[in-house]
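>>> Sharing a model prediction with you, sequence too.
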Amino acid sequence: MAQPPILSLEDISLQQGGRWLFGRGPNSDGPEPIDLHVLPGDRIALIGRNGAGKTTLLRLITGRIEADRGLRRVKPGTRIVFLEQDPDFSEAATLMDFALAGEDAPAPHEVEAIAGQLGIEMNREAATASGGERRRAAIARALAQDPDLLLLDEPTNHLDLSAIDWLEDWLSRYRGAFITISHDRTFLKRLTRATLWLDRGTLRRKEVGFGGYEAWEEQVYAEEARAAEKLDARLKIEAHWLERGVTARRKRNQGRLEKLHQMRATRAAMISTSGTAKLKLSSDEDFKSKSVIVAEGITKSFGNRTVIKPFSLRIQRGDRIGIVGANGAGKTTLLKMLTGEMEPDSGTITHARTLSGVMIDQQRKLLEPDASVRQILAEGGDWIDVRGHRKHVQAYLKEFLFDPGIVDTKVGILSGGERSRLLLAREFARTANLIVLDEPTNDLDLETLDLLQEVIADFEGTVLIVSHDRDFLDRTVTVTLGLDGSGKVDIVAGGYEDWEAKRKKPVAGSTRTKSGTAEAPAPSPPPPKADKLSYKDQRDYETLPQRIEELEAAIAKGEAILSDPDLFAKDPQRFATISKGIENARAEKDAAEERWLDLAERVEG
């Protein structure tokens, strides 16, 4: 027999800021009122754009705010705990004071037990605690209350990788229900079994975890397009394509991922064994001429603690460098040395004479709440220079997923995610050949992360990224610098998963130089004799690279055609045919790459 819900929202409508955020008022047009039923043990991802009302919905669930219309029902005895994105520590002297405040405070020993596992000292002064320390304290408080329903608003913000792993493990064993808002795709895929999608005032639910969300979203938008076509409602079709732009962007990003994998393969050959694959690499002199930052034997210590052991690296023009590691491992120190903000204790850092950088930090310090969007982007005018090209400010806002009508809105009215997106729009417009991003994914929704992936991929300069977002790094960077806290820095071609794989299974026979850079094994003993290929194998080995290039060109051509927002409305059959062709080309390309890599391994022994 099915269990009754522990919480229900029925026929909910809520007005906020003069508009109906959910549902609609009496005798007015708008979306249907929302309904939500949470069952014991539910594991739910709450998805929606910044400003859609996700956090507001969680506050409705807790009862902190009341709806204008509708009912909230809670099963007697149900304990609901809300882990806020930015909890208020202003009244607490220490982190433990924060954890024990309020009527429903947990027992001190329960807080200490969880805090110990998270590695946080609860007697730390709240005013001087870092964002990561405050986040861990808030998690300890929430989990120690033994909730029946746990509401998590961006729980991985400010956490390092070890803390994220711990939280994922705890939630995987947790017997209660939870609803989580998160930009961390890996976190969502691993933990959720149902998805709530808050879209244009409508709340949809599907009993599929986040791993199936994007396919569901595509299906919903396709159904809307077919309905709009049948009704011959031009405005509805255009509205559909406004939303569809995000999924179209996702499709384009698949093509960019293919390019990223090629860049990683090239970088891998430069970092490790040379000549293992017949890639058309630049000469050593050409490689040096393209270098924008060269670190040679740099070190850094604070007191008796060595943060960076001897380390060397050449960063090329166009590299996307990810820096990962636990909090306190030295990520920020390494970043500051690479950018010239901090001097190494020994060794040298050389920058290209033409290097011009922009720093985008996680504090979002550059935005004044009383300034308008127009003032932030265009100094109050109608036009903005975007890396040397003049664009109308409202057209540029659309590129960053904003309604152009917000151009004169005060920054303070925007949500945290919208402010973060606005800062990205401003900083990526600047003329620069180096972008430095410190935790860029905090406060961003999933659609903005897709956009940021696209902007980084299209940026012609070099990008340095400090992030704990595993999926974002896997989609974005060409080289990962992994810090394990001992002072050693691993240099890995690829993203977070590639670094994790190296940590779990070191390459046999590899060595490290005194400078800390990865090197190939010594040239002796001689390599094993390569397999002799059959005639067909040899032919495939020689011809597949050209076929892969042809498939890439066909995919790019098809994606360019699909980028026309009017194509689906004009010729849905052609849209479907081209989409299927791209799908087939990608499948053939994947198979061709696997085949060629297998042959290359045999050739090289």
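Happy to help now that I have it. The model shown is predicted, which means the values in this text are computed figures rather than measured ones.
>>> which SS class is Ile582?
With DSSP: H, G, I helix; E, B strand; the rest coil as the basis, Ile582 sits in helix.
>>> helices or strands next to the helix or strand in which Leu423 is found in the packing?
Assigned by DSSP states H and E, Leu423 belongs to helix 416-429. Helices and strands touching helix 416-429, by 3 or more C-beta pairs under 8 Å, 6 or more residues apart in numbering; DSSP states H and E, are strand 357-360, helix 373-378, strand 383-386, helix 393-399, helix 446-458. In short, each C-beta sits where N, CA and C put it, glycine included.
>>> tally of neighbours for Glu399?
Glu399 has 15 neighbours, counted by other C-beta atoms under 10 Å.
>>> And for Leu401?
The burial count for Leu401: 20, using other C-beta under 10 Å.
>>> pretty sure it contacts Arg49?
Yes - counting by C-beta atoms under 8 Å, Leu401 touches Arg49, with 7.4 Å between them.
>>> any shared contact partners between these two?
Glu447, Thr448 (C-beta atoms under 8 Å, 6 or more residues apart in numbering).
>>> What lies in contact with the helix holding Leu423?
50-51, 85-86, 358, 360, 364, 366-367, 373, 376-377, 384-387, 396-397, 399-402, 411, 414, 435, 440, 442-445, 448, 451-452, 455, 459.
>>> One more pass at 7 Å, please.
Residues from elsewhere that reach helix 416-429 (C-beta atoms under 7 Å, 6 or more residues apart in numbering): 50-51, 358, 360, 364, 366-367, 373, 376-377, 384-387, 396, 400-401, 411, 414, 443-445, 448, 452, 455.
>>> Stretch 191-204 now?
20-23, 30-32, 34, 36, 42-48, 52-54, 57, 168, 171-172, 205-210, 213.
>>> That one: how far from the chain's middle?
19 Å (C-alpha atoms, centre = their mean, to the nearest Å).
>>> Tell me the buried residues in that stretch?
The neighbour-count criterion (16 or more other C-beta atoms under 10 Å) identifies Leu191, Thr192, Ala194, Thr195, Leu196, Trp197, Leu198, Asp199, Gly201, Thr202, Leu203 as the buried residues of stretch 191-204.
>>> Between the residues you listed, which sits nearest Glu218?
Lowest distance from Glu218 to the buried residues of stretch 191-204 (C-beta to C-beta) belongs to Trp197, with 12.1 Å.
>>> Ramachandran angles for that closest one?
phi -120, psi 110 (degrees, to the nearest 10).
>>> Would you mind measuring from it to Ala105?
34 Å (C-beta to C-beta, to the nearest Å).
>>> so where do the strands sit in the stretch 401-550 of the chain?
Assigned by DSSP state E, counting those that start in this stretch, the strands in the stretch 401-550 of the chain fall at 434-438, 462-466, 479-483, 489-493, 511-512, 518-519.
>>> What of the stretch 1-150 of the chain?
Going by DSSP E, counting those that start in this stretch, the stretch 1-150 of the chain shows strands at 7-16, 19-22, 34-38, 43-47, 69-74, 80-83, 149-153.
>>> Tell me which strands the fourth one pairs with, and in which orientation.
Counting by DSSP bridges, the strands paired with strand 43-47 are strand 177-181 (parallel), strand 194-199 (parallel).
>>> what comes up buried for it?
Arg43, Ile44, Ala45, Leu46, Ile47.
>>> need the residues you listed in JSON lines with distance to Thr156 and pLDDT, can you?
Formatted as JSON lines, the buried residues of strand 43-47 follow (distance: C-beta to C-beta, whole Å; pLDDT from 0 to 100):
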{"residue": "Arg43", "distance to Thr156": "16", "pLDDT": "96"}
{"residue": "Ile44", "distance to Thr156": "16", "pLDDT": "97"}
{"residue": "Ala45", "distance to Thr156": "13", "pLDDT": "97"}
{"residue": "Leu46", "distance to Thr156": "14", "pLDDT": "97"}
{"residue": "Ile47", "distance to Thr156": "15", "pLDDT": "94"}
